[in-house]
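Undergrad: Give me a 3D structure for the following:
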Amino acid sequence: MAALFVLSLVAALVVTVRDDDPEGTATAAAGPVTTSSTSSTSSTSSTVVATTVPPQTTTTAAPAPLTAPTAAPPAAASAPLPKVVVSPRGVVVPVTGREGDAFQVRTPCGRSAVLAGGTPVSEATVVLDAGHGGSEPGAVSPAGLSEKVVNLAVVNHARDALERAGKPTVLTRTADYRIPLASRAAVVMALRPKAFVSVHHNAEPDGPRPAPGSETYYQVASPESKRLAGLVYEEVVKALSAYPLTWVADSDAGAKYRRNASGDDYYGILRRTQGVPSVLAELAFVSNPPEADLVARPDVQKIEGEAVARGILRFLDTADPGSGYVEPYPRDSPAGGGGGSSGCVDPPL
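TA: Model (predicted):
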């Protein structure tokens with residue numbers, strides 16, 4: 001009799017079972033990168049109603065209500081999102097979300113993609129940017145040396161020196177591929193480092209100079225950006241001055257600013273990274289044949305990179321004010337094309 005009574009009570013219950021798998025509909029990409037899609041949530045509900053039997057008087061306690069077990073969320077879904085991911089091929093991409101066990105990312109050309117695998121990065125003390133790349137070579141020497149090649153070699157050496165000093169460093173560009181300014185800035189603003197330097201080599205000087213014509217541009221409204229520019233300038237000029245050379249320069253070479261028509265930072269990489277102490281550094285003139293021959297040398301590329309790193313380390317670890325500050329003359333001519341996303345082709349991730 002007791003068994004029949006318990007069965008009648010169970011049959012009288014209304015039971016709702018919910019199958020909620022927020023990650024179950026996401027499928028990992030078959031290759032390193034696929035077109036991004038938002039995974040949908042699968043949610044089905046079924047209600048079972050049994051015939052009610054008359055209650056019977058008894059002293060037996062009623063059984064506890066039946067409930068469906070709650071599934072624990074996947075570990076990947078509960079883990080905090082990294083700021084950027086270094087893809088299996090070494091490309092640094094900002095993370096915008098999660099899709100199953102993979103990451104939704106922004107590609108160098110600004111597209112949305114899903115990346116399975118890679119190394120998550122949530123913080124960096126320094127971000128370095130190798131100017132130009134891919135179909136945008138930057139300045140080119142009379143002998144055919146592309147600025148983009150020298151820039152990348154220099155930032156690799158700078159990164160190595162900074163990491164030896166215990167400063168985690170991320171590069172916006174890690175190989176010879178195109179990356180628009182907006183995507184470079186997206187990496188910087190995702191990580192919010194303590195210092196950011198974009199490395200370049202110059203062209204179209206005003207004329208000869210007895211010393212290196214290095215230039216560093218700082219953000220007009222940032223005293224810390226200005227100090228970083230003065231320290232990088234100081235270290236680069238000191239390093240390059242060891243070479244007796246026929247140098248060229250603009251007449252206002254030094255640590256300086258440049259405003260656009262509205263008074264803001266002219267250079268997009270400085271304007272887009274406001275809030276992070278940022279500097280655009282033109283280390284030497286690749287358009288000047290003697291300087292191009294010099295910076296084509298691997299040993300000189302290492303010296304340039306280590307000089308940039310020393311300037312950054314002094315910025316991070318000391319209160320040194322820097323030097324070389326000048327008042328720039330007004331500039332009306334564009335600083336060169338490129339930096340946009342039109343025609344951009346993403347590298348394999």
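Undergrad: Skip the chain neighbours and tell me the closest residue to Asn202.
TA: Distances taken as C-beta to C-beta, 6 or more residues apart in numbering place Glu282 nearest to Asn202, at 4.1 Å, with adjacent residues excluded. All C-beta atoms are positioned from the backbone trio N, CA, C, and that covers glycine.
Undergrad: Doesn't the one you found lie inside a strand?
TA: Yes: if the criterion is DSSP: H, G, I helix; E, B strand; the rest coil, then Glu282 is within a strand.
Undergrad: Any figure for the gap between it and Ala203?
TA: If you measure Glu282 against Ala203 using C-beta to C-beta, to the nearest Å, the figure is 9 Å.
Undergrad: who's in contact with Arg209?
TA: Contacts were defined as C-beta atoms under 8 Å, 6 or more residues apart in numbering; by that measure Arg209 touches 247-249, 253.
Undergrad: Most neighbours among the residues you listed, which one?
TA: Counting neighbours by other C-beta atoms under 10 Å, Ala253 comes out on top of the contacts of Arg209 with 25 neighbours.
Undergrad: Settle this for me: it is touching Tyr217, isn't it.
TA: No: Ala253 lies out of contact with Tyr217 (C-beta atoms under 8 Å); the separation is 11.6 Å.
Undergrad: before we move on, the earlier item: compare neighbour counts for Glu282 and Ala203 and give me the winner.
TA: In terms of neighbours (other C-beta under 10 Å), Glu282 is the more surrounded of Glu282 and Ala203; the figures are 26 against 17.
Undergrad: quick one: Pro328 from Thr119, how far?
TA: The separation that Pro328 has from Thr119, given C-beta to C-beta, amounts to 40 Å.
Undergrad: Those two: which is more packed in?
TA: Higher neighbour count among Pro328 and Thr119: Pro328, with 17 against 12, using other C-beta under 10 Å.
Undergrad: and that one, that's in a strand?
TA: No: counting by three-state DSSP, one finds Pro328 to be coil, located in no strand.
Undergrad: Number of residues surrounding Asp129?
TA: By other C-beta under 10 Å, the residues close to Asp129 number 28.
Undergrad: sec struct for it, please.
TA: Reducing the assignment to helix, strand or coil with three-state DSSP, the entry for Asp129 is strand.
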